[in-house]
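>>> build me a model from this:
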Amino acid sequence: MNAVLNRLLVPSSKELNNIKIIEGQTITLSNNIDLHYINAGTSEVLKLDLVCDGGIRNQTQNCIATATAAMLREGTKNKSAEQIAEELDFYGSYFQTHCTADDSTITLFCLKKHFASCIPYILDVINDSVFPENELNIYKKNGQQRLMVNKQRNSFLVRRLFYSSVFGEKSPYGTFSEPEDYDNISRENVANFFKYHYKNKVKYLLLSGSVDDSVIKASESVFKRLGKNILEKKGLLSNGKIHDKFFFDNKDTVQSAIRIGRRIVNRTHPDFRKLQILNMILGGYFGSRLMKNLREEKGLTYGIYSGMESYIDDGCFFIETEINNELRNQGIKEIYHEISLLRNELIGDSELNLAKNYLLGSFLRSIDGPFSLADRHKILVDFGFGYDYYYEFINMINQIKSVELRDLANQYLKEKDLSEIIVGKR
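Predicted coordinates for the structure are as follows:
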């Protein structure tokens, strides 16, 4: 007879010590480009990432990096955008492009059996994109309209102001486009950026899914025609302000968007992984202190969270929420109160263990499936780590003590070091 499930009892938990990660492998193609690959999953599907130096950090004109990445989908010398889309669709495949502050990526999703037929399209895109004038004008018009709509949103404005404050307006992490920047985009500008950061140039290739020798051989056969990007690393300037308090008066709103935070170490620093646990307890999940205080107990906001972002050359910590204008000051006071508690009191064992288990569970979800594993592998490649980075992270989560977290809070979460940005009605 089956046992009756008692839903009043909390399920038992245990410490996770023996997490096994499917590790990626690396080979170097004949043209000296590294091909990283992860053979995982049970479906006959593949994802191919061509990672390039087309990120915002390498642009000399606002909007050019994102415009170039977007326009890669608009056709080549050999085929129109419609032809590429239709022919890839025939194979049940498609590609997309993505641009970040640090790099850019062309991604192909396809069935394994059609991989060899699909990758020549990607080679065509990275070699011979043409950026049609009409499509570029449509992109510019849509980009302007989208930006002007977004600039009416408090949450959008507060993030721009926050990043400009903590990183500085001369940093790619704190630089943002204005509507008039779209007017300055020309086909020649886009083509030049493409020439120096995409055409015959990639940083590395990343394959994930049902990868076997036939897939690797097909990759070598097609992508041996590419050149490796030997772009010299560009030094970045960060000139953000410490403890910058800024209020942007948006009269036509009943809610205030709030961001509090600072520049912080990135993944290359040993404190980063420990700070991830501290962040989890403060505002990193639904059971966090900020959620319990401001949402559950005081009803000041629908949601509040904190996070950490790691870029290649920088990083930041932030707390973000939206609160009614009339309750804004009370909410901010409670945020600083919770930060103060982390600096002055030890976290209890029960709360710490709950946060540890949640973080470990989140990590397990992040390595579930070949494409998720590829995202984790990309982090290792970008920051120069081996897989020990993740195993040490798991061990650190299990071993860290409350006193270490209190010391970290005193080092990194001093109120005098935090920027406070508010967008709302004064």
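>>> CA atoms for contacts and neighbours, from now on please.
OK.
>>> can you give me the pLDDT of residue 244?
pLDDT, residue 244: 82.
>>> what's the answer for the one 3 residues further on, then?
Here, the pLDDT recorded for residue 247 equals 94.
>>> host element of the nearest residue to it once chain neighbours are set aside?
Take residue 247 and drop its neighbours on the chain: the residue closest to it by Cα to Cα, 6 or more residues apart in numbering is residue 422, 4.8 Å away. Under the criterion DSSP states H and E, the helix or strand holding residue 422 is strand 419-424.
>>> now that strand: buried residues?
419, 420, 421, 422, 423, 424 (16 or more other Cα atoms under 10 Å).
>>> what do you get for stretch 381-399?
Within stretch 381-399, the residues that qualify as buried by neighbour count (16+ other Cα under 10 Å) are 390, 393, 394, 397, 398.
>>> helix, strand or coil: sort out the last one for me.
Judged by DSSP: H, G, I helix; E, B strand; the rest coil, the three-state class of residue 398 is helix.
>>> how close does it get to residue 200?
With distances taken as Cα to Cα, to the nearest Å, residue 398 is found 45 Å from residue 200.
>>> residue 412 too?
If you measure residue 412 against residue 200 using Cα to Cα, the figure is 43 Å.
>>> quick revisit: for the strand holding residue 422, give the mean pLDDT please.
Averaged over strand 419-424, pLDDT sits at 96.
>>> cool, stretch 261-270 as well?
The model assigns stretch 261-270 a mean pLDDT of 95.
>>> about what we covered before: give the contact list for the residue nearest to residue 247.
The neighbourhood of residue 422, defined by Cα atoms under 8 Å, 6 or more residues apart in numbering, consists of 158, 246, 247, 248, 256, 257, 258, 259.
>>> against which helices or strands is the worst-scoring helix or strand of the chain on mean pLDDT packed?
Of all the helices and strands that make up the chain, the one with the lowest confidence by mean pLDDT, DSSP states H and E is strand 227-228; it has a mean of 73. Strand 227-228 is packed against strand 201-202, with contacts defined by 3 or more Cα pairs under 8 Å, 6 or more residues apart in numbering; DSSP states H and E.
>>> parallel or antiparallel, which strands does the strand it packs on pair with?
Strand pairing for strand 201-202, using DSSP bridges, gives strand 227-228 (parallel).
>>> neighbouring contacts of the partner strand?
Looking at what lies outside strand 227-228 - Cα under 8 Å, 6+ apart - the contacts are 31, 32, 33, 200, 201, 202, 203, 204.
>>> surely the fifth one is in contact with residue 223?
Put plainly, it is residue 201. No. Between residue 201 and residue 223 there is no contact, the gap being 10.5 Å when judged by Cα atoms under 8 Å.
>>> one step back: which single one of the contacts of residue 422 is nearest to residue 372?
Checking the contacts of residue 422 against residue 372 with Cα to Cα, the nearest one is residue 259 at 29.2 Å.
>>> can you give me the neighbour number for that closest one?
26 (other Cα atoms under 10 Å).
>>> look up phi and psi at it.
phi -130, psi 130 (degrees, to the nearest 10).
>>> ok, it - contacts?
Residue 259 makes contacts with 158, 159, 162, 318, 319, 320, 321, 419, 420, 421, 422, as judged by Cα under 8 Å, 6+ apart.
>>> what is it paired to in the beta sheet?
Listed beta-bridge partners, residue 259: residue 320, residue 421 (assigned using DSSP bridges).
>>> low-scoring stretches of this structure, by residue?
Judged against pLDDT under 70, the low-scoring parts of the chain cover residues 1-3, 10-17, 229-239, 242.
>>> can you give me the strands for it?
25-28, 34-39, 45-52, 94-99, 104-111, 201-202, 204-209, 227-228, 245-249, 255-263, 304-310, 315-324, 419-424 (DSSP state E).
>>> which one of these lies closest to residue 372?
Set against residue 372 and scored by Cα to Cα, these come closest in strand 204-209, at 9.0 Å.
>>> so which elements touch the closest one?
Applying 3+ Cα pairs under 8 Å, 6+ apart, one finds that strand 204-209 makes contact with strand 34-39, strand 45-52, helix 370-383.
>>> can you redo those as TSV with distance to residue 335?
Written out in TSV, the entries for the helices and strands packed on strand 204-209 read as follows (distance: least, Cα to Cα, whole Å):
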stretch	distance to residue 335
strand 34-39	42
strand 45-52	39
helix 370-383	31
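>>> deepest-packed of those, please.
When neighbours are counted by mean count of other Cα atoms under 10 Å, the highest per-stretch mean among the helices and strands packed on strand 204-209 falls to strand 45-52, a mean of 23.
>>> run the chain-centre distance for it.
Computed by Cα atoms, centre = their mean, to the nearest Å, the chain-centroid distance of strand 45-52 equals 17 Å.
>>> one more: stretch 344-354?
Averaged over its C-alpha atoms, stretch 344-354 has a centre that lies 29 Å from its chain's centre (Cα atoms, centre = their mean).
>>> no further questions, thank you.
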